[in-house]
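Asker: heads up, no residue letters with this:
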């Protein structure tokens, strides 16, 4: 992680938030995939998206804006590719996370009446999609392609 | 893009895998503490074991590679030695947590050890961002 030579709390917040976000998505995806007939495990998957991935996303995004502001990235005319990839995945990821939380929440409610499995499968698919997108974003942040 | 750029990216991906697996094990331990065993939790732990293996190996191998490959960094730099010591503490405590969790009544001890492992990994992240003395 060749990112700074002095202490930068905004950068720490960005990276730590992103790690928590990915961790929350991993737990969500794994629990939703394995907990097919186990309500308790399905709830763990949803709660992980709501209580781990969502706060992680907020910390990651706040840290990103804070870091960009401090380092003058907002004033750059030709935005580097890695920064563009970061913004695209973050913005699209926010939408996907929001949709997955809504679908998952409705799915869990319907689970009590014996339904909701389709919505939870959709939440799982969105979680996997977000994980794949963030793997690309992490690669871009590390390798910094021009 | 140079080979070093790729190694940086792989090092970063491994670090993310390590933290994600730690969070996954927190979910498993908390679920075991609150509601007992379930087949799906064993499956989650198995996947967590694979991901943590990738994270542990990747951070160490690619981290040492970078320390050797990049001018201005050396394995004996204080912040790199600190990271290696914390990595040993974190992986050692994590390994002990895994063993404790499989012993009857060992869940509480496993969670304490997993907490130590998590704090060690958090301190590695602080060390990597700060790079004191670099």
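Answerer: That came through, no problem. This is a predicted model, so every value here is computed, not measured.

Asker: excluding its backbone neighbours, what's nearest residue 81?
Answerer: The chain I'm using is chain A. residue A:145 (5.1 Å; Cβ to Cβ, 6 or more residues apart in numbering or on different chains). Placement of C-beta: from N, CA and C, glycine included.

Asker: actually, chain B is the one I wanted.
Answerer: residue B:75 (7.7 Å).

Asker: so what's the one you found up against?
Answerer: By Cβ atoms under 8 Å, 6 or more residues apart in numbering or on different chains, the residues touching residue B:75 are B:64, B:67-68, B:81.

Asker: tell me the one of those nearest chain A?
Answerer: residue B:67 (10.7 Å; Cβ to the nearest Cβ).

Asker: re earlier: which ones among the contacts of residue B:75 lie within helices?
Answerer: B:64, B:67-68, B:81 (DSSP state H).

Asker: show the buried residues in those.
Answerer: Neighbour-count burial (16 or more other Cβ atoms under 10 Å in any protein chain shown) applied to those gives residue B:67.

Asker: tell me which two in the ones in helices among the contacts of residue B:75 are the farthest apart.
Answerer: The most widely separated members of the ones in helices among the contacts of residue B:75, counting by Cβ to Cβ, are B:68 and B:81 (14.1 Å).

Asker: now the end-to-end length of stretch A:111-125.
Answerer: 18 Å (Cα to Cα, to the nearest Å).

Asker: near chain A, which residues of chain B are found?
Answerer: B:1, B:5-6, B:8-13, B:15-16, B:19-24, B:27, B:31, B:35, B:38-41, B:43-44, B:47-48, B:51, B:66, B:70, B:122, B:125-126, B:128-131, B:134 (Cβ under 8 Å from any Cβ of the partner chain).

Asker: centroid-nearest residue for the chain?
Answerer: Reading this off chain A. In chain A, the C-alpha nearest the mean C-alpha coordinate belongs to residue A:21, at 4.4 Å (Cα atoms, centre = their mean).

Asker: my bad, the chain I had in mind was chain B
Answerer: residue B:18 (4.3 Å).

Asker: which bits of chain A sit near chain B?
Answerer: Proximity of chain A to chain B is confined to A:1-8, A:11-12, A:15-16, A:18-20, A:22-27, A:30-31, A:34-35, A:38, A:40-41, A:44, A:48, A:52, A:135, A:138-145 under the rule Cβ under 8 Å from any Cβ.

Asker: that older thread, pretty sure the residue nearest to residue A:81 contacts residue A:82?
Answerer: Yes. If you go by Cβ atoms under 8 Å, residue A:145 and residue A:82 touch, sitting 5.9 Å apart.

Asker: quick one, helices of chain A?
Answerer: With DSSP H applied, chain A shows helices at A:9-34, A:39-48, A:54-70, A:81-111, A:117-143, listed in chain order.
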